[in-house]
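Peer 1: Got a sequence here, can you model it:
(chains A, B, C and D)
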Protein chains: 2
Amino acid sequence: MSSAVKRQKTAPKRRRRGPEEARREAVATARDLLIAGGPKAVTLKAVGARIGVTHANLIHHFGSAAGLQSALMGSMVRDLNDALAAAVTNLRSDEGAPRALVDEVFEAVDVGGAGRLAAWIALSGDLEHLEPVRAAVQDMVEAVYEKFAEAGEEGRRRITRAILFMALTAFGDAVIGASLRDMLGEGDDAARDIVARLLPSFFY
Amino acid sequence: MSSAVKRQKTAPKRRRRGPEEARREAVATARDLLIAGGPKAVTLKAVGARIGVTHANLIHHFGSAAGLQSALMGSMVRDLNDALAAAVTNLRSDEGAPRALVDEVFEAVDVGGAGRLAAWIALSGDLEHLEPVRAAVQDMVEAVYEKFAEAGEEGRRRITRAILFMALTAFGDAVIGASLRDMLGEGDDAARDIVARLLPSFFY
DNA sequence: CGGATTACCTACATGAATGTAAGTTAGAGC
DNA sequence: GCTCTAACTTACATTCATGTAGGTAATCCG
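Peer 2: Got it, this is the predicted structure:
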């Protein structure tokens, strides 16, 4: 006892993850940091500190800081796409109602910070990262069109505008909805209530 | 011509502005940089280079980089407020029509980058900078209420939601409207057309 | 068990943004 | 014209995010 402080012999000095798990953990942490502190909070050092790894190790896994950011964007866009696809699937099933669609879209854009990430991308000008969303959005137009609209070009155009309307509102709500609703004394669900009420007016 | 290279004696080695003009120029340039390149493009060095001044001089005028950012936010929020106030004034005059209001709000949020700035503020978490907008938004509720709504609490609530709806859409359109409309094959005015068509449904 | 792979580390280099100190000079007021 | 203020400058220090080089050790596989 030479010393009060003794290193336990079983203390693992390093934890060694597989590359895929290391990347997963890093991206998930980066997402948390983005949601909590905005884009500038997502640094190699901050991400590394949270998962007990040095910034150099993150460069080892992602190649560069831009590589991590790209992986983060890819992950979130993928999640957004999955959520939108799920909403489309639900819509195509018989239970799909406009209100359920609205809720699913709002959730998809809000949770996981997808809307805020999209804002970051748009502000930074890295629009190519948004490209994978294109197909998902167009897919939703098709699904809603099949289910609700009158046939023909006029019907499709109405649906396109309905989706644009819903997407813009969901996005705006995710980014500044909290502030705006506070200014106006409205509750958390105000925006999606409005959209759910107005959406059917596009269908007929 | 003794020498090909001769320093003109009248060449002003320094231009000396008054403090208010120096600040005005810097803020205007910062705004251009923000719109063109996003938040991270707004640095002391970049702003100084554009107006022919060193970064140290900007610190002299604004105290710090945060001081310049704060001044920029203040300037843009002030412009946004002015534009909203003008829209309210027009609305209160007899010529004020819903469509004109929509156009004015969309312009106010879009031009000068006010919407993108608001997104930056919201993402960064500096929500206090958004505070001055609160009064302008509430003022707009009052104006629309007086002009269009049925009296009573129910009428006011409808108007509040109409303003929320319009503000969210205008904001979303300013930030990612271009991308979304491109994905959907819609034109520049699609969002404001939609809002103008739906807005009256809140009034009665 | 021994060796190869590679996840992970420490230590250092670099560049960019910000900030400070100490001067210079333009211009306003006497 | 002289003087004083302050708008400007250059030169430096600091901090932080990123990146590089090279070593250490954890795990797999023979």
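Peer 1: For chain A, which segments count as helices?
Peer 2: For chain A, helices defined by DSSP state H occupy the ranges A:19-37, A:44-51, A:55-62, A:65-92, A:98-110, A:114-124, A:131-148, A:153-172, A:178-184, A:190-198.
Peer 1: right, and those - which one's nearest B:Ala119?
Peer 2: helix A:114-124 (4.7 Å; C-beta to C-beta). Every C-beta, even on glycine, is put in place using the N, C-alpha and C of the backbone.
Peer 1: what packs against the closest one?
Peer 2: In terms of contacts (3 or more C-beta pairs under 8 Å, 6 or more residues apart in numbering or on different chains; DSSP states H and E), helix A:114-124 is packed against helix A:19-37, helix A:65-92, helix A:98-110, helix A:153-172, helix B:114-124.
Peer 1: quick one: buried residues of that helix?
Peer 2: Buried residues in helix A:114-124, counted by 16 or more other C-beta atoms under 10 Å in any protein chain shown: A:Ala114, A:Gly115, A:Arg116, A:Leu117, A:Ala118, A:Ala119, A:Trp120, A:Ile121, A:Ala122, A:Leu123, A:Ser124.
Peer 1: Now do it and helix B:19-37, the angle between them.
Peer 2: Relative orientation of helix A:114-124 and helix B:19-37, computed by axes from the mean of the first three to the mean of the last three C-alpha atoms, to 10 degrees: 110 degrees.
Peer 1: send the alpha carbons of helix A:114-124 over as PDB?
Peer 2: Below are the C-alpha coordinates for helix A:114-124, written out as PDB (Å, rounded to 0.1, in the frame of the first residue of the first chain):
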ATOM      1  CA  ALA A 114     -33.900  16.700 -39.400                       C
ATOM      2  CA  GLY A 115     -35.500  20.100 -40.000                       C
ATOM      3  CA  ARG A 116     -32.800  21.900 -38.200                       C
ATOM      4  CA  LEU A 117     -30.200  20.000 -40.100                       C
ATOM      5  CA  ALA A 118     -31.900  20.900 -43.300                       C
ATOM      6  CA  ALA A 119     -31.800  24.500 -42.300                       C
ATOM      7  CA  TRP A 120     -28.100  24.200 -41.600                       C
ATOM      8  CA  ILE A 121     -27.500  22.600 -45.000                       C
ATOM      9  CA  ALA A 122     -29.600  25.300 -46.800                       C
ATOM     10  CA  LEU A 123     -27.800  28.100 -45.000                       C
ATOM     11  CA  SER A 124     -24.400  26.700 -45.700                       C
END
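Peer 1: Quickly check: that helix near DNA strand C or not.
Peer 2: No - using C-beta under 7 Å from any atom of the strand, helix A:114-124 stays clear of DNA strand C, coming no nearer than 13.5 Å.
Peer 1: Does that helix reach DNA strand D?
Peer 2: No - with C-beta under 7 Å from any atom of the strand as the criterion, DNA strand D is not reached by helix A:114-124; the gap is at least 12.9 Å.
Peer 1: Please name the residues that touch A:Gly172.
Peer 2: Going by C-beta atoms under 8 Å, 6 or more residues apart in numbering or on different chains, A:Gly172 touches A:Leu180, A:Ala191, B:Ala167, B:Leu168, B:Thr169, B:Phe171, B:Gly172, B:Val175.
Peer 1: which one of those is nearest A:Ala97?
Peer 2: So of these, ranked by how close each gets to A:Ala97 (C-beta to C-beta), first place is A:Ala191, at 18.0 Å.
Peer 1: Need the winner for burial among the helices and strands packed on helix A:114-124.
Peer 2: Comparing these by mean neighbour count (mean count of other C-beta atoms under 10 Å in any protein chain shown), helix B:114-124 comes out on top with a mean of 24.
Peer 1: Next, count neighbours for A:Ser64.
Peer 2: 11 (other C-beta atoms under 10 Å in any protein chain shown).
Peer 1: Make a markdown table from the helices and strands packed on helix A:114-124 and add mean pLDDT to it.
Peer 2: Formatted as a markdown table, these follow (pLDDT from 0 to 100):
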| stretch | mean pLDDT |
| --- | --- |
| helix A:19-37 | 95 |
| helix A:65-92 | 93 |
| helix A:98-110 | 93 |
| helix A:153-172 | 94 |
| helix B:114-124 | 90 |
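Peer 1: of all those, which lies closest to B:Leu199?
Peer 2: helix A:153-172 (12.1 Å).
Peer 1: what's the angle between the closest one and helix A:98-110?
Peer 2: Using the same axes, to 10 degrees, helix A:153-172 lies at 50 degrees relative to helix A:98-110.
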